[in-house]
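Engineer: Predicted coordinates and the sequence they were generated for:
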Amino acid sequence: MKSCTKKKTPRRRHPMGIESYRSEFPITERYCFLNHAAVSPLPRRAMESVKTLARQMSMDGIAYYSQWEAREKEVRDLLGRLIGAEARDVAFISNTSEGLSIIATGFAWRAGEKVLSIQPDFPSNIYPWMNLERVGVEVVVVKRREGRFSIKDVATALKPGVKMITVSSVDFASGHYCDLEGLGELCKEKGLILCVDGIQSIGVIPVDVKKYGIHVLAAGGQKWLLGPMGCGLLFVSHEVRDLIHPTHVGWKSVIDEEEFFDLRFELKRDCARFEPGTLNLFGIYALGAAVELLLEVGVDQIRDKVLATNDLFIQGLKSRGLKIASPLDREERSGILYFIPPGDATRCYLHLQKHNVMVSERNGKIRLSPHFYNNEDDVTHFFQALDSYLSLS
């Protein structure tokens, strides 16, 4: 087996040098990319990590297996650091839907018990809970108002039998960032499990699962984490881990995973129990490189930079008389900015795309979602394309 070279802990650079990271993103050479709430482009270092792994597999087979295992452990630790968790409380998943389904189907529900859901929400955080209705679990819905909801709304909606609150940290459409810490306090007071879809915040907004009282957090890696599709993280606090039984198990679910003959079904005591088989190693390598980049820059600095960039978009949109549909109070803001274009939103979206500006169209509105490497050149490019559309309206 090849020896494993220990990687150095990434050093955080001074935030004044944040512009230097733009070269990590080759997509900037061709596009004005403002669509990280959809699927992010891979950073250069993530791409190179996958190429290195593919070369090892092609040239040496499994000779690097021990190194791959060591890297898996490193990436698990990196993900834990990113969210304020221990590595043993993190599992690798394919996507957010899988992570939330593990929790929804693994909890020992009784007929008549309830889960409280904040809606509208992305289907990944709705269907796993609707699927429980077949076993007698009721979904109690708290409705958003213009994308928002309050802790009071949730407290008022609580009923006897509610065991869990499930919420997206950021609304995928409006960009409303919810009060996770307030929800955590409410759940602690009422003895409830707090389950969070974190895909629209992890990587752009700092999170501390322990401080916020989050019991479960699931997030795919392909958005603000700058990772690949098909690989993400599931955090399950040790406080509730034994309440969630794995519904899919395999050779890697058990303590002695390398014993293939004298079999004993003893589930691992950490979150690796939720990983039944061979992991997506290419995804782990790419995600690990991306998370190293985020930690190197610093999520606090990333949030400040993204909000500053969105401030430029807000100023430009308002000066053109366009209505913004995202919250503008700092404590409710995320990386998402939602506005209403004149005329047909799909037509506006296609016009921007034609001018190499990548955004999303959602429910008759245009959604912008820049990351930390976007700069004023991208803002200028966007408004040049938008102005050419407005001139046609």
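Structural biologist: Ah, there it is. Numbers count the residues shown, from 1 in each chain.

Engineer: Could I get the contacting residues of Leu328?
Structural biologist: Neighbouring residues of Leu328 by Cβ atoms under 8 Å, 6 or more residues apart in numbering: Ile314. From N, CA and C alone the C-beta is placed, and that goes for glycine too.

Engineer: Roughly how far does the nearest residue to Arg241 once chain neighbours are set aside sit from Glu86?
Structural biologist: Excluding the flanking residues, the one nearest Arg241 by Cβ to Cβ, 6 or more residues apart in numbering is Cys271, at 6.9 Å. Counting by Cβ to Cβ, to the nearest Å, the gap from Cys271 to Glu86 is 9 Å.

Engineer: Neighbours of the residue nearest to Arg241, how many?
Structural biologist: A total of 26 residues lie near Cys271 under the criterion other Cβ atoms under 10 Å.

Engineer: Same check on Pro342?
Structural biologist: For Pro342, the count of nearby residues is 14 (other Cβ under 10 Å).

Engineer: and the nearest residue to it once chain neighbours are set aside, how many neighbours does it have?
Structural biologist: Leaving aside its chain neighbours, Pro342 sits nearest to Ser393 (4.9 Å; criterion: Cβ to Cβ, 6+ apart). If you count neighbours by other Cβ under 10 Å, Ser393 ends up with 11.

Engineer: Next: Glu239.
Structural biologist: 11.

Engineer: mind listing what it touches?
Structural biologist: His215.

Engineer: any idea how far Glu69 is from it?
Structural biologist: From Glu239 to Glu69 the distance is 28 Å (Cβ to Cβ).

Engineer: do the same with Gln222
Structural biologist: 24 Å.

Engineer: Between the two, which has more neighbouring residues?
Structural biologist: Neighbour tally, Gln222 and Glu69, criterion other Cβ under 10 Å: the higher count belongs to Gln222, 25 against 14.

Engineer: residues contacting that one?
Structural biologist: Applying Cβ under 8 Å, 6+ apart, the residues near Gln222 are Val39, Ser40, Pro228, Met229, Gly230, Gly232.

Engineer: So this protein: which segments form each domain?
Structural biologist: Annotated domains of the chain cover 69-295, 299-390 [automatic domain parsing].

Engineer: Now tabulate those in CSV and tack on mean pLDDT and distance to Ser49.
Structural biologist: Below are these laid out as CSV (pLDDT from 0 to 100; distance: least, Cβ to Cβ, whole Å):
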stretch, mean pLDDT, distance to Ser49
domain 69-295, 98, 4
domain 299-390, 97, 18
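
Engineer: Name the member of the contacts of Gln222 with the most neighbours.
Structural biologist: Neighbour-wise, the contacts of Gln222 (other Cβ under 10 Å) top out at Gly232, 30 neighbours.

Engineer: For the residue most central in space within the chain, list the residues it contacts.
Structural biologist: Closest residue to the average C-alpha location of the chain: Ile199 at 2.0 Å, with Cα atoms, centre = their mean. Neighbouring residues of Ile199 by Cβ under 8 Å, 6+ apart: Thr96, Ser124, Ser168, Ala218, Ala219, Gly220, Lys223, Trp224, Gly232.
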